[in-house]
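Asks: Here is my input; please provide its structure:
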Amino acid sequence: MGLNMIGPKPDRILPFFEKIIHTIDPVIASILDKAIDGKEISVEEGVELFEAKGIEMSTLILAADELRRQKVGDIVTYVINRNINFTNICIKRCGFCAFSKDYRDEEGYFLTIKEIVDRAKEAWNMGATEVCIQAGLPPRMNGNLYIDICKAIKKELPEIHIHAFSPEEIVYGASRLGTSIDEYLKMLKEAGIGSLPGTSAEILDDEIRSIISPGRIKTRDWIRVIKTAHKIGIPTTSTIMYGHIESSLHKAKHLSIIRDIQKETHGITEFVPLSFVHSEAPMYKKGLVKGIREGATGAEVIKMHAVSRIMLNNINNIQVSWVKEGTKFAQFCLNAGANDLGGTLIDESISRAAGANYGQFLHPKDFRRLIRDLGRIPAQRSTTYDILKIFKDESSDDILDKFQFDKSNLTSISINKL
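Replies: Numbers count the residues shown, from 1 in each chain. Predicted coordinates:
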């Protein structure tokens, strides 16, 4: 039987879609119409979208995808980078973190600056344009450490982009050096830092933060670091960690805070939803937090990316984390408002420590395959979203395409106690 015999007749198609339109909740329909017209969605309207189910959820996804198309077109980007988590020793015990260790723990490690630079060199030789550096907060840390790391990398690799140190680390470094946030960021900029990761945001609500990460910086501190960085010309990313004890209202308020920062500073390059990885997280594994969930559901992940695209109408790039979601689900989220797949990573320790099944390495050719499979156009970008190369066909001369990844090819971690 031919396909034309089993598909709907042309004169039946329009009534079919008209019927669907008439079944959509008018509240959801009006919010999505407002978004498509380029108008700002309120926190309350964001909550409505987060609660969408059935046909309303499907329509939400379509609207987010249309806004993505209007904003950035059909190009989907990725960056070739390497994560360097230089120590897992940390003075804090966040409920979601299975990466950190006490300084007395035999599994604790601390890379020397030379070892950090060696990893950066390996990444550069493999075609990376960025090193992403984040770690634990070691006790009695020299406040100049982050500055010295940047200087050492830039001395050897002046062209590589250093994307490093979350607001939590910035506050800690400044306090250890006994200087202000403003001065500390200026010193880092002079040392060669290119941008800050907007991690350590979790949920920007102090009531939630006090439960899942007591002792973490307050919401106002995170905002202050991000705004100060933008003020002195250091761009940042922005994130949310969801799927634990937060509500739809918490998520919508979080997005509103990010949007307001961008209105004021225009310094945010991307927004990255990060779903909670539960299996090894202490607050789940040890039952430390009442009502803790097993991470976000698939529907929550999809809606998080779609609502982010709709509410964050002043941020061009919505990244989906293949580390958190896996490549197949990340690919689907590219149809729900996302336009970026993040980085190759080469090494990643934090998500894997929490129990994530992904995160070691994803080859650039695999990024391109996932993107082309959707009929979209793959492109390699810089950290700050300059397009470095558009791949209109399958021919490629990338260095990393020829690199056969093997863990034994990379410098091993040596244990250096504080």
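
Asks: contacts and neighbour counts: CA atoms only from here.
Replies: Noted.

Asks: Chain neighbours aside, what residue packs nearest to Gln319?
Replies: Distances taken as CA to CA, 6 or more residues apart in numbering put Asp340 closest to Gln319, at 4.5 Å, once the chain neighbours are dropped.

Asks: is it true that the one you found touches Asp74?
Replies: No - here Asp340 does not reach Asp74: they are 10.7 Å apart, not a contact under CA atoms under 8 Å.

Asks: When the two are compared, which one has more neighbours?
Replies: Asp340 (30 against 16; other CA atoms under 10 Å).

Asks: which residues does the more buried one form a beta bridge with?
Replies: With DSSP bridges as the criterion, Asp340 is bridged to Thr77, Gln319.

Asks: How much space separates it from Pro364?
Replies: 13 Å (CA to CA, to the nearest Å).

Asks: Please enumerate the shared neighbours of these two.
Replies: Here Asp340 and Pro364 have Tyr78 as joint contacts, going by CA atoms under 8 Å, 6 or more residues apart in numbering.

Asks: thinking again about what came up before, ok, the residue nearest to Gln319 - contacts?
Replies: For Asp340, counting by CA under 8 Å, 6+ apart, the contacting residues are Val76, Thr77, Tyr78, Asn317, Ile318, Gln319, Val320, Leu334.

Asks: pLDDT at Cys90, what is it?
Replies: At Cys90, the pLDDT value in this model is 85.

Asks: Oh, that last question was meant for Tyr284, not what I typed.
Replies: At Tyr284, pLDDT is 64.

Asks: and if you look at Arg93?
Replies: Arg93 is given a pLDDT of 68.

Asks: how's the chain carved up into domains?
Replies: Per automatic domain parsing, the structural domains of the chain span 10-71, 74-409.

Asks: Just say which of those domains is most tucked in.
Replies: Ranked by mean neighbour count, these are led by domain 74-409 with a mean of 19 (mean count of other CA atoms under 10 Å).

Asks: so Gly342 is in which element?
Replies: Using DSSP states H and E, Gly342 sits in strand 340-343.

Asks: typo on my end, Lys121
Replies: helix 113-125.

Asks: can you check Lys290 too?
Replies: Using DSSP H and E, no helix or strand contains Lys290.

Asks: Over to the one 4 residues further on?
Replies: Counting by DSSP H and E, there is no helix or strand that carries Glu294.

Asks: And the strands in the stretch 151-300 of the chain?
Replies: 161-164, 236-242, 268-275 (DSSP state E, counting those that start in this stretch).

Asks: can you tell which of those is closest to Glu18?
Replies: strand 268-275 (33.4 Å; CA to CA).

Asks: the inter-axis angle of the closest one versus strand 236-242?
Replies: 20 degrees (axes from the mean of the first three to the mean of the last three CA atoms, to 10 degrees).

Asks: Roughly how far does the residue nearest in space to the middle of the chain sit from Ile24?
Replies: Compute the mean C-alpha point of the chain, and by CA atoms, centre = their mean the closest residue is Val272, 3.3 Å away. Val272 sits 29 Å away from Ile24, going by CA to CA.

Asks: same deal with Gly267?
Replies: Distance from Gly267 to Ile24, by CA to CA: 37 Å.

Asks: same thing with Leu145?
Replies: 56 Å.

Asks: I'd say Ile116 and Ile84 touch.
Replies: Yes - assessed by CA under 8 Å, Ile116 is found in contact with Ile84 at 7.1 Å.

Asks: show me the contacts for Ile80.
Replies: Gly127, Ala128, Thr129, Glu130, Gly343, Thr344, Leu345, Pro364, Gln380.

Asks: Could you pick out the one among these with the lowest pLDDT?
Replies: Per-residue pLDDT puts Leu345 lowest of the contacts of Ile80, at 82.

Asks: Check what pLDDT Glu18 gets.
Replies: For Glu18, the model assigns a pLDDT of 77.

Asks: Please list all residues in contact with it.
Replies: Per CA under 8 Å, 6+ apart, neighbours of Glu18: none.

Asks: can you pull the contacts of Gln134?
Replies: Asn83, Ile84, Asn85, Phe86, Ala164, Phe165, Ser166.

Asks: Tell me what the nearest residue to the first one once chain neighbours are set aside is bridged to.
Replies: To tie it back to what came earlier, the one meant is Asn83. Here the nearest residue to Asn83 in space, its sequence neighbours aside, is Cys132; by CA to CA, 6+ apart that works out to 4.7 Å. When assigned by DSSP bridges, Cys132 has beta-bridge partners Asn83, His163.

Asks: my guess is Cys132 meets Ile153, correct?
Replies: No - the pair Cys132 / Ile153 is not scored as a contact, 11.9 Å apart, by CA under 8 Å.

Asks: quick one: low-confidence ranges for the stretch 151-300 of the chain?
Replies: 279, 284-285 (pLDDT under 70).

Asks: again, only using 80
Replies: For the stretch 151-300 of the chain, applying pLDDT under 80 flags the ranges 278-288.

Asks: Just name the closest of the contacts of Ile80 to Lys389, please.
Replies: Using CA to CA, the contacts of Ile80 come closest to Lys389 at Gln380, 5.2 Å.

Asks: mind listing the helices for the stretch 1-150 of the chain?
Replies: Taking DSSP state H, counting those that start in this stretch, the helices of the stretch 1-150 of the chain run over residues 3-6, 10-23, 26-36, 43-50, 54-72, 113-125, 145-156.

Asks: Of these, which is nearest Ala299?
Replies: helix 54-72 (8.6 Å).

Asks: Show me what that closest one is packed up against.
Replies: Secondary-structure packing of helix 54-72 (3 or more CA pairs under 8 Å, 6 or more residues apart in numbering; DSSP states H and E): helix 26-36, helix 298-311.
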